[in-house]
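*Asks:* Have a look at this prediction, sequence included:
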Amino acid sequence: MRIAVVGTGYVGLVSGACFAEMGLDITCVDTDAEKIEALGRGVVPIYEPGLEELVRRNAEAGRLHFTTDLAACLDKVEVVFSAVGTPPDEDGSADLSYVLDVARTFGRHIRKYTILVTKSTVPVGTSQKIEAAIREELAARGEEIPFDVASNPEFLKEGAAIKDFMSPDRVVVGVESERARKIMGRLYRPFLINNFRVLYMDIPSAEMTKYAANAMLATRISFMNDIANLCERVGADVEMVRKGIGSDARIGSKFLYPGCGYGGSCFPKDVKALAHTAREYGYTMEVIEAVDRVNERQKTVVYDKLRRILGPLAGKTIALWGLAFKPETDDMRESPALATIGRLLEEGAAVRVYDPAAMDEARRRLGDRITYCQSMYEAAAEAEAVALVTEWKQFRMPAWTALRDTMAGNLIVDGRNILDKEEALAAGFRYIGIGK
């Protein structure tokens with residue numbers, strides 16, 4: 001079975017490589033010629049554990065190809081996945097220009113029945129716009145060629161995307177014809193063999209499922225951050241509270257970890273887009289809009305604690321451990337680290353940083369305004385305080401004595417509650433967590 005995947009960003013490249021690993025013939029398409037040329041040489045532009053090896057293996061096996069020309073491969077494929085970006089506009093809505101560009105190219109060049117499947121996260125109702133764009137192009141050609149549109153939202157976690165794709169807890173497929181359903185069934189047959197669930201539904205429900213899933217996870221995070229902030233004020237320990245409510249089977253323990261806010265390419269964008277969609281339909285999603293407000297406020301919590309304890313920060317050196325929005329990725333989109341660094345620089349602090357994967361991305365975003373270090377201990381040298389922002393495993397058990405000897409101060413602000421408070425105190429540090 002041959003398919004094309006348009007967009008070689010996080011979703012498109014992971015999807016294409018994983019489908020190729022399942023034995024399909026995949027052509028990945030992107031308008032960025034430099035990226036396509038690099039991928040042809042086995043150079044992967046994003047950091048994701050195992051992805052570079054997967055891409056190289058399947059390219060060498062002849063199952064994974066790269067091109068800038070979607071039109072040239074349309075005659076050879078049965079399914080086209082659209083995995084292009086849907087960046088947020090200023091009003092929080094999703095920018096669908098890239099999605100509709102793919103639809104127009106599809107409509108201009110298909111010559112036989114083909115399915116266009118939206119993999120990108122798009123608002124409810126987008127499939128109708130896609131179908132209209134295709135029909136408009138076909139009408140301009142004076143041709144009537146059968147096609148279907150479908151929705152197949154992704155549920156990949158950065159840092160574990162390959163495992164999530166190859167061993168999903170569910171695959172959601174939105175279709176509105178039996179012909180499309182049968183073809184999508186063939187595509188996902190390897191997953192059915194392993195008893196994974198493929199959930200078929202109408203297209204609007206599939207589009208909504210992705211937004212609802214991310215909004216629910218974001219809600220749990222913001223809820224716990226709100227609880228953590230109150231715990232600090234009333235003298236409770238949010239870790240005890242988390243265990244207490246997480247043991248309730250109706251609630252469960254996942255996504256109940258307080259911290260310094262969520263970031264990344266999905267949660268912030270999708271929460272805003274869902275709220276915007278509701279407003280377009282004359283409805284206000286009070287809970288979802290509050291989730292976004294709580295998260296934006298939470299991104300300043302590390303800075304707020306540093307400022308409260310150290311006083312004016314001008315001229316002081318602050319070390320940050322972690323820059324990516326989460327471990328096992330170099331993605332800094334909407335990262336709490338960016339909000340923290342911005343506040344520190346505004347006040348005139350000197351900022352030293354270390355992240356196992358995101359240093360190049362930080363340089364691209366921040367230039368020479370901060371100091372980039374080769375290790376967590378180098379970052380802490382002569383610092384008044386260390387702020388842990390990303391919960392990389394290598395930060396969990398620092399050599400406290402070595403850390404104390406290199407720092408000028410003794411303040412630890414644990415923005416993810418992963419350090420051992422008692423060990424830090426015993427080593428002579430002042431430890432401040434979230435919700436403690």
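*Replies:* Sure, I can see it.
*Asks:* Could you pull up the residues touching E52?
*Replies:* E52 sits next to 42, 44 when contact means CB atoms under 8 Å, 6 or more residues apart in numbering. (C-beta placed from N, C-alpha, C; glycine too.)
*Asks:* Lowest mean pLDDT among the helices and strands, pick that one out for this structure.
*Replies:* helix 189-193 (a mean of 74; mean pLDDT, DSSP states H and E).
*Asks:* I'd like the mean pLDDT over the next helix or strand after that helix, please.
*Replies:* Downstream of helix 189-193, the first helix or strand assigned by DSSP states H and E is strand 198-201. Per-region confidence: strand 198-201 scores 93 on mean pLDDT.
*Asks:* Does anything pack onto strand 198-201? Which helices or strands?
*Replies:* Where contact means 3 or more CB pairs under 8 Å, 6 or more residues apart in numbering; DSSP states H and E, strand 198-201 is packed against strand 171-174, helix 178-187.
*Asks:* right, and those - which one's nearest N152?
*Replies:* When those are compared by CB to CB, strand 171-174 sits nearest N152, at 5.4 Å.
*Asks:* How far off centre is that closest one?
*Replies:* Centroid displacement of strand 171-174 relative to its chain, using CA atoms, centre = their mean, to the nearest Å, is 20 Å.
*Asks:* Stretch 330-343 too?
*Replies:* Distance, centroid of stretch 330-343 to centroid of chain: 14 Å (CA atoms, centre = their mean).
*Asks:* next structured bit after the helix or strand harbouring E207?
*Replies:* Assigned by DSSP H and E, E207 falls within helix 203-234. Per DSSP H and E, helix 203-234 leads on to helix 238-246 as the next helix or strand towards the C-terminus.
*Asks:* tell me which residues of that following helix are tucked away?
*Replies:* Residues of helix 238-246 classed as buried by neighbour count (16 or more other CB atoms under 10 Å): 238-239, 241-242, 245-246.
*Asks:* about what we covered before: buried set for the helix holding E207?
*Replies:* 203-204, 206-211, 213-215, 217-229, 231-232.
*Asks:* distance from the centroid: which residue in the chain tops it?
*Replies:* Distance from the C-alpha centroid of the chain peaks at G142, with 41.3 Å (CA atoms, centre = their mean).
*Asks:* distance of the residue lying closest to G174 once chain neighbours are set aside from I227?
*Replies:* Among residues not flanking G174 along the chain, A206 sits closest, at 2.7 Å (CB to CB, 6 or more residues apart in numbering). Separation of A206 from I227 (CB to CB, to the nearest Å): 33 Å.
*Asks:* from the helices and strands packed on strand 198-201, which stretch is densest packed?
*Replies:* Of these, the one with the most neighbours on average (mean count of other CB atoms under 10 Å) is strand 171-174, at a mean of 22.
*Asks:* Now do it: which elements does it pack against?
*Replies:* strand 147-151, strand 198-201, helix 203-234.
*Asks:* What average pLDDT does that strand get?
*Replies:* 96.
*Asks:* hey, C-alpha coordinates of that strand in PDB?
*Replies:* What follows is the C-alpha trace of strand 171-174 in PDB, where atoms were taken according to Å, rounded to 0.1, in the frame of the first residue of the first chain:
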ATOM      1  CA  VAL A 171      -6.700   5.000  16.800                       C
ATOM      2  CA  VAL A 172      -9.500   7.400  16.000                       C
ATOM      3  CA  VAL A 173     -10.700   7.400  12.300                       C
ATOM      4  CA  GLY A 174     -13.400   9.800  11.100                       C
END
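*Asks:* which residues make contact with that strand from outside it?
*Replies:* With CB under 8 Å, 6+ apart as the criterion, strand 171-174 contacts 127, 150-153, 155, 181, 184, 188, 191, 196-207, 209-210.
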